[in-house]
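Engineer: Need a 3D model of the sequence below.
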Amino acid sequence: MITDFECQNSLGVGKTEVAWKLIEKFERAIMLDGDYLGAVHPFDLHDPQRVAYLYDTIGHVARFHAEHGYHNLVVNYVFEKPESLARLRRALNEIDDVTHAFRLTCRAEEIDRRIRSRNNDPDRLAWESNRFRELQVIQDRNARRGDLGFVIDTTGLSIEAVADAIWRDITSEVTIAPYDPAWPQKYEAEKNQIAAALGDRVTAIHHIGSTAIPGLAAKPIIDIMIAVSQLEAAIECIAPLSDLGYAFIDYPQNTDRRFFRKGVPRSHHVHIVAQGSAELKNHLAFRDALRANPEWRDQYAALKFDLAERHRTDRAQYTESKTEFVRRVLSTTK
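Structural biologist: Reported below is the predicted structural model:
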C-alpha cells in the first residue's frame, strides 16, 4: 500500500507531523518527505525538469524500500494541479496499485489561529495567511477538474485525530448487509439528482452492483454507472458531481472508467464509462444474469461473505478476489 499524502501547508496540523503519526499505525512503514527529497539547488517551483527529477527520486527510493520489505509508504507533498498528482500516482503504480491520496485543509480562521499560536510576527502572519488563502483557492478550483486527493477537514482536530481520520479511511471495513428493499429507491433519488446536474453530458444512467440485484446481500453502497459519449467527456462531470458531494478518485489502473465516491462512511459510488464500451456491457450483463438466476445470486452472496471475512480491511483484495466468479458468469452470457 502506498499512500500519497499531501496538504495545504505545514501550519499547526501539517503534512509532516501527521505523516509521522500515520506511519506508526502500520506494522512496517516508511515516510518520504517530498519537500526534502525535492530540496535541490538551484530551485525553481515550476521547472518541469526539477519536478521530473523529484518524481524519479521518489520512485527509486520507493522501489528500494519495497525491495527491503517496506511495502507501506507515506509520501507527503503539496500538489496544486491534478496532473502533478496523477503523474506521481502513475509512477508509484508501477510498484503497488493500491494508493490513497488525501488533501488536508481547514477553515481560514483556524489557520490564522494556528499561525498566531507559534509566531507573533505580524509580517509572517500576513504572509502565511495570504499564502494559505491563495493556495486554497488554487486547489479548490483545480480539484473541480481532476483529483487532488480526498479532502480531510482538520479544523479543530489534533495531529493524532487527523492521522486517525486517514487511517479509518484507508482501513475501512468491508461490511456485507442483508438486502434492503430501499436500495432501488435510494438509487432512483440519486439518479434524479445526477441527471439534473449533468444534463445532456450523459447518455444513460444505470443501477449496477449488488444493491441492484433483488435479494442479494451487499455492501450498503449504491453503485451507479453513467454512460457518456466518449470517456474523455468525464472531465466535464467532475465539477457538477463535486457539487453533489462526490470526490473524484483518479486511480491509474482505471483506464476504461472514471471513479467517484460519496459519503463518510461511503454511501454511493459513481462509475463513468463510454457508451457502448465493454465495461458498460459487462456490468449490465453480470447484473442481469444474477437477477435472472437465483442460484448464481446465492453463490455470489456466499462468496462475498467469505471474502469480507478474509479481507475485511482490504477493499482492493476483496474486489480482486471476486473477479474469477464474475468472469465465469459472464462467459455464459456471450
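
Engineer: Look up the pLDDT of M1 for me, please.
Structural biologist: Per-residue pLDDT puts M1 at 52.

Engineer: typed the wrong thing, it's Y70
Structural biologist: Reported pLDDT at Y70 in the predicted model: 91.

Engineer: ok, now which ones touch it?
Structural biologist: 28-30 (CB atoms under 8 Å, 6 or more residues apart in numbering). Heads up, the C-betas are built off the backbone N, CA and C, glycines and all.

Engineer: Using neighbour counts, trim these to the buried set.
Structural biologist: With neighbours counted using 16 or more other CB atoms under 10 Å, the contacts of Y70 contain these buried positions: 29-30.

Engineer: In strands, which of the contacts of Y70 fall?
Structural biologist: Among these, the residues falling in strands (DSSP state E) are I30.

Engineer: between the contacts of Y70, which is closest to D121?
Structural biologist: Lowest distance from D121 to the contacts of Y70 (CB to CB) belongs to I30, with 34.9 Å.

Engineer: these two touch, right, that closest one and I23?
Structural biologist: Yes. At 7.0 Å, I30 and I23 qualify as touching, with contact defined as CB atoms under 8 Å.

Engineer: ok, and the closest non-adjacent residue to the most centrally placed residue in the chain?
Structural biologist: Taking CA atoms, centre = their mean, the centroid of the chain lies closest to I249, which sits 3.9 Å from it. In space, and not counting its chain neighbours, I249 is closest to F259: 5.2 Å by CB to CB, 6 or more residues apart in numbering.

Engineer: Same check on T332?
Structural biologist: Nearest in space to T332, with sequence neighbours left out and distances taken as CB to CB, 6+ apart, is A289 at 7.1 Å.

Engineer: I'd guessed that neighbour sits against K334; true?
Structural biologist: No. With the criterion set as CB under 8 Å, A289 and K334 do not qualify as a contacting pair; they are 11.0 Å apart.

Engineer: So the two - more neighbours on which side?
Structural biologist: The neighbour comparison of A289 against K334 (other CB atoms under 10 Å) goes to A289, with 18 against 5.

Engineer: Give me the buried positions along the host helix or strand of the more buried one.
Structural biologist: Under DSSP states H and E, the secondary-structure element containing A289 is helix 278-292. Buried residues in helix 278-292, defined by neighbour count with 16+ other CB under 10 Å: 279-280, 282-287, 289-290.

Engineer: Then stretch 225-232?
Structural biologist: In stretch 225-232, the ones that count as buried by 16+ other CB under 10 Å are 225-228, 231.

Engineer: what does it contact?
Structural biologist: Residues external to stretch 225-232 that are found in contact with it (CB under 8 Å, 6+ apart): 194, 198, 201-208, 234, 237, 256-258, 270-275, 277, 280, 283-284.

Engineer: what distance separates it from the centre of its chain?
Structural biologist: Computed by CA atoms, centre = their mean, to the nearest Å, the chain-centroid distance of stretch 225-232 equals 19 Å.

Engineer: Could you tell me the end-to-end distance of it?
Structural biologist: For stretch 225-232, the separation between the terminal residues is 16 Å (CA to CA, to the nearest Å).

Engineer: now swap in stretch 175-182 and tell me
Structural biologist: Stretch 175-182 end-to-end distance (CA to CA) = 18 Å.

Engineer: same thing with stretch 262-273?
Structural biologist: Distance between the two ends of stretch 262-273: 18 Å, counting by CA to CA.

Engineer: and the gap between the residue nearest to T332 and E324?
Structural biologist: Relative to E324, A289 is positioned 15 Å away (CB to CB, to the nearest Å).

Engineer: Over to S117?
Structural biologist: In this structure, S117 and E324 are separated by 55 Å, where distance is defined by CB to CB.

Engineer: got the domain boundaries for this protein?
Structural biologist: By the record's domain assignment, the chain is partitioned as 2-170, 183-331 (automatic domain parsing).

Engineer: now those domains as CSV including distance to I176?
Structural biologist: Converted to CSV, those look like this (distance: least, CB to CB, whole Å):
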stretch, distance to I176
domain 2-170, 19
domain 183-331, 5
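
Engineer: Least reliable of those by average pLDDT, please.
Structural biologist: Per-segment confidence across the domains of the chain bottoms out at domain 2-170, which has a mean of 85 in mean pLDDT.

Engineer: For that one, what is the distance to the chain centroid?
Structural biologist: Between the mean C-alpha point of domain 2-170 and the mean C-alpha point of its chain there is a distance of 15 Å (CA atoms, centre = their mean).

Engineer: do the same with stretch 223-231
Structural biologist: When C-alpha coordinates are averaged (CA atoms, centre = their mean), stretch 223-231 and its chain have centres 18 Å apart.

Engineer: now do stretch 287-294
Structural biologist: Its chain's average C-alpha position is 30 Å from that of stretch 287-294, according to CA atoms, centre = their mean.

Engineer: which residues sit against it?
Structural biologist: Identification of contacts with stretch 287-294 by CB under 8 Å, 6+ apart yields 207-209, 212-216, 296-297, 300, 329-330, 332-333.

Engineer: This completes my enquiry, with thanks.
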